[in-house]
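Student: I would like the atomic coordinates for the input below:
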Amino acid sequence: MRCIVIHLIQRILREIFSYFCSMIKTTVSNREIWRIAYPIMLGNLAQTIITFTDTAFLGHLGTIELSASMMAGLYYFVFTTLAMGFAVGIQIFIARRFGEGNFSKIGVVFQHGALFVLGLGLFLFSILFFFSHKLLHIIIESENIYAAASEYLRFRQFGIMFVVFNFLFRSFYVGISSTKVITFSTIIMAIVNIFFDWALIFGNAGLPVMGIGGAALASLIAEITAFCFFWIYTYVKIPHEEYGMFRWHKWQPALMGDILKVAFPSMIQRLFSFGAWFIFFVMIEKMGETAIGVSSVVRSTYMILIIPGIAFASTANTLTSRIIGEGKSAEVMATVWKVVKNSFLCGLVLVAVVAAIPHLVLQIYTDDMALAQAAIPSVYVICVATLLGAFSMTFFEAVSGTGNTTAAMALEFGILIAYIIYVYLMSKTSTIAGVWTAEWVYNISIGLISLVYIWKADWGRKRI
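Tutor: Model (predicted):
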């Protein structure tokens with residue numbers, strides 16, 4: 001018995017030693033991590049800036065407009081998650097081909113992706129156009145918020161055809177580790193959105209006063225502008241012959257099947273994830289117009305706080321796929337931990353600022369001091385959630401980066417069920433801040449499970 005115990009202890013110590021040794025061996029530098037992450041960070045500002053500027057302008061119109069833009073925007077975003085999930089699959093394929101040095105195949109992958117998202121965009125637009133009024137009426141309890149949300153979506157729904165391609169372009173540039181173009185597109189998108197928000201919401205620059213509809217139209221114009229910029233930049237700057245871009249490649253059903261094997265679980269996973277996020281706000285909306293108003297400004301603050309976390313998570317996804325493509329699977333764990341460290345430190349700076357002056361941050365979104373004061377406890381909750389997300393998002397995206405997106409989907413599905421149950425119970429028994437602690441539950445759960453998967457699962461043999 002004593003020998004068995006000693007043997008067990010020795011084995012555990014060997015595992016721990018091996019684990020910590022693996023954490024310190026990586027050829028990826030902090031500089032390279034930041035080179036990839038920084039432009040993605042700015043790129044992720046694209047949708048966040050639209051949300052931020054819409055919220056900031058509409059918050060000064062009233063709580064109804066603020067709440068409606070959030071509910072309609074989230075509803076719209078749920079549809080875009082399918083394109084986002086597919087783009088993750090394309091990103092993994094492109095990063096793997098890039099790591100292998102097989103550049104000419106990248107254009108083939110991109111073309112297959114472009115044809116798929118064209119069909120996907122038409123399908124999603126059809127649902128938005130024909131069924132949104134009925135769906136929103138079922139989802140939203142307040143008639144005032146429903147009417148304003150319908151007006152917002154009347155313009156915004158046309159953007160889906162451009163958003164699906166914008167996701168595809170971002171996945172291409174992240175996959176080849178050339179992400180500065182994402183920075184350029186974000187700056188252009190932000191300038192366009194801010195100007196037209198100012199002009200169309202309030203009727204400046206000789207344009208009509210459109211209120212919440214103007215915010216939606218401004219967002220649509222910004223999305224179209226980003227789409228045009230991506231096409232022009234790619235045509236002018238990317239070596240066509242080297243990457244096999246802008247020429248017709250023979251349709252390869254086997255390749256499309258392989259792409260979908262990786263992308264489809266990611267699409268479903270993101271649909272589940274953001275669908276649960278939407279359900280989160282639907283449950284809060286049923287707590288009253290004040291509760292959803294508070295959560296609108298909290299959400300906008302949260303979306304700013306997690307920008308670094310999302311960027312570093314995407315970096316972990318790309319680096320994991322690239323490292324495996326280079327035949328350096330043993331470096332994955334060390335690389336992911338290094339990304340986590342950078343994500344945490346970057347997030348900590350933002351959290352410190354927001355936690356120190358929450359009332360000033362919230363005044364960006366609303367003139368209602370009572371609403372801002374009511375939101376402060378929830379802001380402290382999301383500050384903690386942001387730091388937890390630096391760990392959880394990075395490891396979870398690393399799971400996808402291994403190419404095993406089915407595992408990523410399975411890992412998250414059970415956690416999302418528990419998340420929704422937790423939100424429901426807290427919405428019935430607790431405060432708004434209490435409901436927001438669901439973000440703690442989600443991040444801790446998904447982070448630990450993803451860590452165990454990267455550490456112990458046999459993902460190194462996955463071929464894509």
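Student: Give the burial count for Ser126, as a bare number.
Tutor: Neighbourhood size, Ser126 [other Cβ atoms under 10 Å]: 11. Just so you know, the C-beta spots here come from the backbone N, C-alpha and C atoms, and that holds for glycine as well.
Student: oh sorry, the question was meant for Val381
Tutor: Counted with other Cβ under 10 Å, residues neighbouring Val381 total 20.
Student: Please report phi then psi for the residue nearest the centre of the chain.
Tutor: Centroid check for the chain by Cα atoms, centre = their mean gives Ile310 as the closest residue, at 6.2 Å. Dihedral pair for Ile310: phi -70, psi -40, per degrees, to the nearest 10.
Student: Equivalent analysis for Lys250, please.
Tutor: Backbone geometry at Lys250, expressed as degrees, to the nearest 10, gives phi -60, psi 130.
Student: sorry, back to before: the residue nearest to the centre of the chain and Met393 touch, don't they?
Tutor: Yes: assessed by Cβ atoms under 8 Å, Ile310 is found in contact with Met393 at 6.5 Å.
Student: picking up where we left off before, would you check how far apart the residue nearest to the centre of the chain and Ala276 are?
Tutor: Separation of Ile310 from Ala276 (Cβ to Cβ, to the nearest Å): 17 Å.
Student: Next: Phe103.
Tutor: 38 Å.
Student: who has more neighbours, those two?
Tutor: Ala276 (20 against 16).
Student: which residues sit in contact with that one?
Tutor: For Ala276, the contacting residues are Leu416, Tyr419, Ile420, by Cβ atoms under 8 Å, 6 or more residues apart in numbering.
Student: what about Ala352, helix or strand, and which?
Tutor: For Ala352, the element it lies in under DSSP states H and E is helix 332-356.
Student: Quick check: buried residues in that helix?
Tutor: Neighbour counts using 16 or more other Cβ atoms under 10 Å place 332-344, 346-347, 350-351, 354-355 of helix 332-356 among the buried residues.
Student: what about the strands in this structure?
Tutor: Secondary structure of the chain, counting by DSSP state E: no strands present.
Student: So, low pLDDT: which residues of it?
Tutor: Within the chain, the stretches with pLDDT under 70 are 1-25, 39-40, 42-49, 459-464.
Student: For it, give the helix that spans the most residues.
Tutor: helix 63-100 (DSSP state H).
Student: which parts of it are buried?
Tutor: 63-99.
Student: Then stretch 408-420?
Tutor: By neighbour count on 16+ other Cβ under 10 Å, the buried set for stretch 408-420 is Ala408, Met409, Leu411, Glu412, Ile415, Leu416, Tyr419, Ile420.
Student: how close does the third one get to Met393?
Tutor: Summarising the geometry, the distance separating Leu411 from Met393, computed by Cβ to Cβ, is 13 Å.
Student: again, but for the last one
Tutor: Between Ile420 and Met393 the distance is 19 Å, computed by Cβ to Cβ.
Student: OK, contacts around Thr386?
Tutor: Thr386 neighbours (Cβ under 8 Å, 6+ apart): Tyr302, Leu305, Ile306, Gly309, Gly347, Leu350, Val351.
Student: Setting aside sequence-adjacent positions, which residue approaches Ala205 most closely?
Tutor: Closest residue in space to Ala205, ignoring its immediate chain neighbours: Ala199 at 4.4 Å, by Cβ to Cβ, 6 or more residues apart in numbering.
Student: does that neighbour really touch Pro208, like I thought?
Tutor: No: assessed by Cβ under 8 Å, Ala199 is found out of contact with Pro208, at 9.4 Å.
Student: more neighbours, the two?
Tutor: Per other Cβ under 10 Å, whichever of Ala199 and Pro208 has more neighbours is Ala199, with 19 against 10.
Student: And that one, how far from Ala72?
Tutor: Following Cβ to Cβ, the distance that separates Ala199 from Ala72 is 20 Å.
Student: cool, and Val351?
Tutor: 29 Å.
Student: quick one on the thing from earlier: which residues are in contact with each of Ala199 and Pro208?
Tutor: Common neighbours of Ala199 and Pro208, using Cβ under 8 Å, 6+ apart, are Gly214.
Student: dump the residue contacts of the closest residue in space to Thr225 that isn't next to it in sequence.
Tutor: Closest residue to Thr225 apart from its sequence neighbours, by Cβ to Cβ, 6+ apart: Val192 at 4.8 Å. Neighbouring residues of Val192 by Cβ under 8 Å, 6+ apart: Ala218, Ile221, Ala222, Thr225.
Student: Check His112 too.
Tutor: His112 touches His249, Trp251, Gln252, Leu255, Met256, Ile259, counting by Cβ under 8 Å, 6+ apart.
Student: change it to 6 Å
Tutor: By Cβ atoms under 6 Å, 6 or more residues apart in numbering, the residues touching His112 are Met256.
Student: thinking Pro265 is in contact with Ala407, fair?
Tutor: No: using Cβ atoms under 6 Å, Pro265 makes no contact with Ala407, being 8.2 Å away.
Student: burial of Asn30, as a residue count?
Tutor: 12.
Student: From Phe344, how far off is it?
Tutor: Using Cβ to Cβ, which is the criterion applied here, Asn30 is 13 Å from Phe344.
Student: what's the answer for His60, then?
Tutor: His60 is 34 Å from Phe344, by Cβ to Cβ.
Student: ditto for Thr225
Tutor: 34 Å.
Student: And Leu362, by the same measure?
Tutor: Leu362 sits 24 Å away from Phe344, going by Cβ to Cβ.
Student: Phe28 contacts Met333, correct?
Tutor: That one is not Phe; residue 28 is Val. No: at 11.7 Å, Val28 and Met333 do not qualify as touching, with contact defined as Cβ under 6 Å.
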